[in-house]
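Peer 1: Sequence below, structure please.
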Amino acid sequence: MTANSRCSAAESPGLETQRREIESLLRECELRAGESWYVVDRRWFDQWKEFVETGDQNSTSFPGQIDNAELFEDLDSYHLKDRLVEDEDFVLVPAEAWHKLLSWYGMVDDQPPLERKVVDLPSTLKVEVYPIEIFLCLHSNMENAVTTKFSRTDSIHLIQRAMCQAFSVPPGSECRLWMKSSDSSCERLRNVHMSVLDACLSSGMTVIMETRNADGTWPSSRPQIMRNSVEEQDSYRGQPGVCGLTNLGNTCFMNSALQCLSNTPPLTEYFLQNSYVDELNFTNPLGMKGEIAEAYADVIKQMWSGRHYSVVPRVFKTKVGHFASQFLGYQQHDSQELLSFLLDGLHEDLNRVKNKEYIELRDADGRQDQEVAEEAWRNHLRRNDSVIVDTFHGLFKSTLVCPECHKVSVTFDPFCYLSVPLPVSKERVMEVFFVSLDPYAKPVQHRVVVPKAGKVSDLCSALSEMTSVPPTQMVVADVFNHRFYKIYNMGESLSAILDRDDIFVYELSVLEEQPEEQVLLALYLRERSHYRDYGSGGGSYGTSLFGHPLLLNVPRSSCSQEALYNLFLQRLARYVRLPDPSEELEEEEEDDEEELYKTQTNGISDDDEQEEVEPAGPSQTDYSCGDATPNRKSDGNTTEPQAEENHIQPLPDHGDPGENSNGSQSQTEPGCSGDTNSADDMDPGEQSSGPAGADRSSKPPAEQPHEPTEEENEEDKQEEACSPSPPANEHPAKRRACHVRRKRLFSIQAVNSNGTTERGMGEGGSAVSFSSQPYVAIDWEPDMKKRFYNENEAEKYVKHASMEVPQQHMTVQLQQCIELFTTVETLEEENPWYCPVCKKHQLATKKLDLWSLPEVLIIHLKRFSYTKFTREKLDSIVEFPLRDLDFSGFLLRKTLSSEEPPSRYDLIAVSNHYGGLRDGHYTTYAKNKDNGQWYYFDDSKVTYATEDQIVTNAAYVLFYQRQDKIRKPTLPAPNTGPTSSSQTSSDTASCKDDEDAAELGAASSITMETE
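Peer 2: Numbers count the residues shown, from 1 in each chain. Here you go, the predicted model:
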């Protein structure tokens, strides 16, 4: 008998020994998580116990080979039967006992041993008799799935290895796994070191494996790659790293930071070589569970695959917004702020320190700097150890001195980048509009230099030198949306005025009366609506502000309606036309208006028809009374300069111009419509769109259309009347017949500073209130405004010669900025230091010194200056070297040992910012690590760059690499031609031309975003 021969006394111990050893193991072995136990058929085990208890080797109760056939559903799949019960259907024996029984009795041929793991379930240890059974498949072939069993204690990495073996995945391929449940939802299995139990995998689920494509994308989340045609999807081969990033909507700040990091060689090679996979930290409470690092790795691998013109970083943007809510949405942000978040996020996601220990920091207490610095760096590495620390972290010395007890506190702190200040000028340049007392003079835009900490009086003094108007005859105001946002006093600080504010300086008249008899009157222009504003609680008409407000000195005795009406007509004479005598005569001829209309074509007399189609706008009409008659032709083309020569005419002394509201349009509309004006007729230096930003919210600049036909002109005028257009067979003049006759062009109302609330006025008495700053508005009916108010002329202004002088940018050396960084400063009141000797907070002096520098040094130029009173962007040109930036003079350690790295750096990337505080555009200059060529990255567009283009006043963040770590390019430099090395996508975010675009040399024309 084979069994007897195998179990002879010579090959196995005696039966009593067998019984004693196995019972001892069963009694003494405890369950330990991860250990193996074996399932044995209960009937075989009982037979063995009976056999060893007889003590007879030749007993008929000999059990034979270990046989678990009764536990299987079939002997083909060896699938364990469901709902087997321990001690009824099977027994569990520890691994040592199993191996003894196997050596003594053997096992039936082809039967697999039923090895099971001890799992640590919540509050209990248990042998896992039924392991989970999951389906494994590839993303590219999900129909072909294989069934495999895994213990709940197995790691996800074990499943990954099993899948690579089962599906013959080439070694070195980058893989990732997805867990798919029965409801078809998929979830990434990010942490391959996690157990099956912790990953919540259960029987019946499917694990899907995908391998990264050659272009750096994943099959499951292939982004929208920008290509010109489908044929190029697999045919394009470019220089790795020379790849644009799509602007998703104000994300140029993110693209600029990513391009700088992408062209940082040690960091990019770390990700391209997949070194990050084994260092992902999924348990760091300060990290992002590895998600930021994985999202960044995806972007880098796509950019460096050499198969894309441009990559869409949508997934990365979503991850950043998820973990840093300040970057949610599509608002403008700072590239340096994103860079700071990203470096910190990558560090924590890749931190090799899994459990950070508490370390109490010590002060120097008189110890040597070398000793304190080494201790500080060791302590830093005990809690922070990652590729970011290896590449970007340095150490500086911080010295604080108490001003009272002179206690000196010295600490050494790590840094990831240097934020260096720029020398701040004590002067600022302001652009203002000067409004002269001469009613026919256009506003003049001036550029003046004033003290940055000066007062409004300093602005007036500077402007006085250009205008010869005494500062005492000036008043300064901020105009916003056709009203005065603020009227400044002479003693107010200029810091309250921002660069974007529209500042108007008004010349005031000198009155013979005593100063207390003078009133500074603020004048608004309003247009009345044809519809009544019943929501205001009364039957008044609605009004809307337009044009530019005025400030003027008025004698207190001349504040009657009559006097103000005449004064306002004088001040508005440049763009308000007085009615001519023929219009006054027609006031009494209402019955003839139907006959008059029949002789006109579209409301324009035949005599004036030819004049209307000439390129002569409303600004070309003479302003003198009595000239624009139906029988009078203009002297040739009445151009703008001619109108300037003919417009001086004495104004009537009375306040009743006798204008009839239903006067014939044939005499008024060709010359007073505010719709058209030929840009070719402007004087050199004139601007037709109005002072820049005079309406920063709603009012568009005056349009300059083509020469319109009579029909187009009439339609435009009807639309501007702020009322529904009449039927085609009805003329506006016909409608006016039912209006009340008006003796004045406009009415005068007292208003509040917003130009909205009307105050009561005594009829014939004073038109203003003197209890506070008086504001009045002149209200125009739409048809009167259309006929007598020349909107194009009102919007014109002239540029002073000071505007033509190019602004000189202050130039500073980068070394000066670093010297400022290491200069002694006194702490601000908001950030005092607690002195351990004085036992109170002190405004100590602080000095920073550089101790050790990293392989890649990031220098942030603090161009955005924020103080209690001012906010500004410094446009100084910082001269920074492209090679051989020597820090030896700035390091505190003057004598370096031979083991210390050198302190010379070469530039590898620059993040640029164009624009101001509120909006702007970010781009990047970067040097490719493989071919040594400089490129200019402007979102999805990439062009060649030369070294002489890199130093500009837009440079914001500088990346330097230490010379001993720079490797020589492995590829020859490309042949840089005039053409772009990459193509611009058709779906780039909407852009606008920036005023600084001309300074860019990377491309002939650069478009800037509105951010």
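
Peer 1: Please count neighbours and contacts with C-alpha atoms only from this point.
Peer 2: Fine.

Peer 1: Please enumerate the strands of the stretch 901-1011 of the chain.
Peer 2: Under the criterion DSSP state E, counting those that start in this stretch, the stretch 901-1011 of the chain contains strands at 904-915, 920-927, 934-938, 941-944, 955-962, 991-992, 1008-1009.

Peer 1: Minimum distance to residue 22: which of those has it?
Peer 2: Of all these, strand 955-962 sits nearest to residue 22, with 67.9 Å by C-alpha to C-alpha.

Peer 1: angle of that closest one against strand 904-915?
Peer 2: 160 degrees (axes from the mean of the first three to the mean of the last three C-alpha atoms, to 10 degrees).

Peer 1: in its sheet, what does strand 955-962 sit against?
Peer 2: Strand 955-962 sits in its sheet next to strand 856-862 (antiparallel), strand 904-915 (antiparallel), going by DSSP bridges.

Peer 1: what's the next helix or strand after the shortest one in contact with?
Peer 2: Same thing as strand 856-862. The helix or strand immediately downstream of strand 856-862 is strand 864-866, counting by DSSP states H and E. Contact with strand 864-866 is made by 871, 872, 873, 874, 917, as judged by C-alpha atoms under 8 Å, 6 or more residues apart in numbering.

Peer 1: how about the spatially closest residue to residue 286 that is not a sequence neighbour, phi and psi?
Peer 2: Leaving aside its sequence neighbours, residue 286 sits nearest to residue 348 (C-alpha to C-alpha, 6 or more residues apart in numbering; 6.3 Å). Dihedral angles of residue 348 (phi, psi; degrees, to the nearest 10) stand at phi -70, psi -30.

Peer 1: ok, and the most crowded of the contacts of strand 864-866?
Peer 2: Most neighbours among these, by other C-alpha atoms under 10 Å: residue 874, with 21 neighbours.

Peer 1: In space, what's closest to that residue - neighbours in sequence excluded?
Peer 2: That would be residue 863: by C-alpha to C-alpha, 6+ apart, it lies 4.9 Å from residue 874.

Peer 1: can you check residue 347 too?
Peer 2: Once flanking residues are discounted, residue 347 sits nearest to residue 388: 5.4 Å by C-alpha to C-alpha, 6+ apart.

Peer 1: pretty sure the one you found belongs to a helix, no?
Peer 2: Yes: counting by DSSP: H, G, I helix; E, B strand; the rest coil, one finds residue 388 located in a helix.

Peer 1: tally of neighbours for it?
Peer 2: When neighbours are defined as other C-alpha under 10 Å, residue 388 has 21 of them.

Peer 1: Tell me how far it lies from residue 343.
Peer 2: Applying C-alpha to C-alpha, to the nearest Å, the value for residue 388 to residue 343 is 7 Å.

Peer 1: Isn't the residue nearest to residue 286 up against residue 283?
Peer 2: No: at 9.9 Å, residue 348 and residue 283 do not qualify as touching, with contact defined as C-alpha atoms under 8 Å.

Peer 1: Give me the more crowded residue out of these two.
Peer 2: Shown here are residue 348 and residue 283; by other C-alpha under 10 Å, residue 348 has more neighbours (29 against 15).

Peer 1: Now do the contacts for the more buried one.
Peer 2: For residue 348, the contacting residues are 281, 284, 286, 287, 288, 386, by C-alpha under 8 Å, 6+ apart.

Peer 1: For the one helix or strand residue 315 maps to, buried residues please.
Peer 2: Assessed by DSSP H and E, residue 315 sits inside helix 314-323. The neighbour-count check on helix 314-323 (16 or more other C-alpha atoms under 10 Å) flags 314, 316, 317, 319, 320, 323 as buried.

Peer 1: contacting residues around the residue nearest to the fourth one when sequence neighbours are not counted?
Peer 2: Spelled out, that is residue 319. Excluding the flanking residues, the one nearest residue 319 by C-alpha to C-alpha, 6+ apart is residue 292, at 6.5 Å. Residues counted as contacts of residue 292 (C-alpha under 8 Å, 6+ apart) are 316, 319, 320, 345, 346, 349.

Peer 1: Residue 53 belongs to a strand?
Peer 2: No: the assignment for residue 53 (three-state DSSP) gives helix, which keeps it out of a strand.

Peer 1: starting at the chain centroid, how far to stretch 848-868?
Peer 2: Centroid separation for stretch 848-868 versus its chain: 22 Å, with C-alpha atoms, centre = their mean, to the nearest Å.

Peer 1: looking at this, residue 793 is in a helix?
Peer 2: Yes: applying three-state DSSP, one finds residue 793 inside a helix.

Peer 1: re earlier: and the contacts of strand 864-866, which is the shakiest by pLDDT?
Peer 2: The member of the contacts of strand 864-866 with the lowest pLDDT is residue 871, at 70.

Peer 1: All good on my end, thank you.
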